[in-house]
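> pasting a predicted model and its sequence here:
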Amino acid sequence: MKRLFESFLFLSRWMLAPFFVMLAVGLLELLYKAAVRLYEATAHLLTAAESDMTLLVLDLIDMTLTGALVVTVMLSVYENFVSRVDTKNQPGWPDWMGSIDFSELKLKLLSTIVAISAIKLLEAFMDVPHTNDRELYFYLGIHMVFVVSTLAFALSERLANGHGKSHDANGH
């Protein structure tokens, strides 16, 4: 009975597959929204202010980072929880596939969230005439929470993995 139950639990990892499909669809939706945003901005290119174009580019960077976050999550979670991917027989696949453990995935996610938050904060600062002080303080506060959380997580991972100690008598 125990073996049957464990087999069921092990096979249940494949129930994550629909989530990967949903994330891929979300990535397509994000691409669509970015294309619409670019089209609308291009339609007003001749009359738009430089700051509007800067905000557009920051928005596109934000969407790109979000898309990269989705891809990283999809591939890493699949690799860590569902099935190994044979990257040696797949030319052109990212080098990091197959080498990111769950701890590294969390750090990559947090780092990307900090980058996205920084872009949102920069967008708010670029649009100061239309942003009140309270909103700016909230953006700044939220960004600092992400930064401090990421630094704390990275430090705790480094200490937990023993990277804070020297590896040999020479300190290497």
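Looks like it came in fine. The structure displayed is predicted, hence computed values, not measured ones. Numbering: from 1, shown residues only.
> pick out the residue nearest the middle of the chain.
Residue closest to the average C-alpha location in the chain (C-alpha atoms, centre = their mean): Leu69, at 2.9 Å.
> walk me through the domains of the chain.
The chain breaks down into these domains under automatic domain parsing: 1-89, 101-165.
> which element is the spatially closest residue to Phe153 that is not a sequence neighbour on?
Excluding the flanking residues, the one nearest Phe153 by C-beta to C-beta, 6 or more residues apart in numbering is Leu110, at 5.9 Å. All C-beta spots, glycine's among them, are computed from the backbone N, C-alpha and C. Applying DSSP states H and E as the criterion places Leu110 in helix 102-126.
> likewise Leu38?
Using DSSP H and E, Leu38 maps to helix 17-43.
> list the buried residues in that helix.
Buried residues in helix 17-43, counted by 16 or more other C-beta atoms under 10 Å: 27, 34, 41.
> check the offset of it from the chain's centre.
Per C-alpha atoms, centre = their mean, to the nearest Å, the displacement of helix 17-43 from the mean C-alpha position of its chain is 15 Å.
> contacts only, for Ala124.
By C-beta atoms under 8 Å, 6 or more residues apart in numbering, the contact list for Ala124 reads 131, 135-136, 139.
> that one and Leu105: what is the separation?
Computed with C-beta to C-beta, to the nearest Å, the distance linking Ala124 and Leu105 is 29 Å.
> where does this structure have low pLDDT?
Along the chain, the model assigns pLDDT under 70 to residues 95-98, 162-172.
> quick one: residues contacting the residue nearest to Phe153.
Contact analysis of Leu110 by C-beta under 8 Å, 6+ apart lists 146, 149-150, 153-154.
> re earlier: distance to Pro18 for the buried residues of helix 17-43 - can I get that in a markdown table?
Conversion of the buried residues of helix 17-43 to a markdown table gives the following (distance: C-beta to C-beta, whole Å):
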| residue | distance to Pro18 |
| --- | --- |
| Leu27 | 15 |
| Ala34 | 25 |
| Ala41 | 35 |
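> no further questions, thank you.
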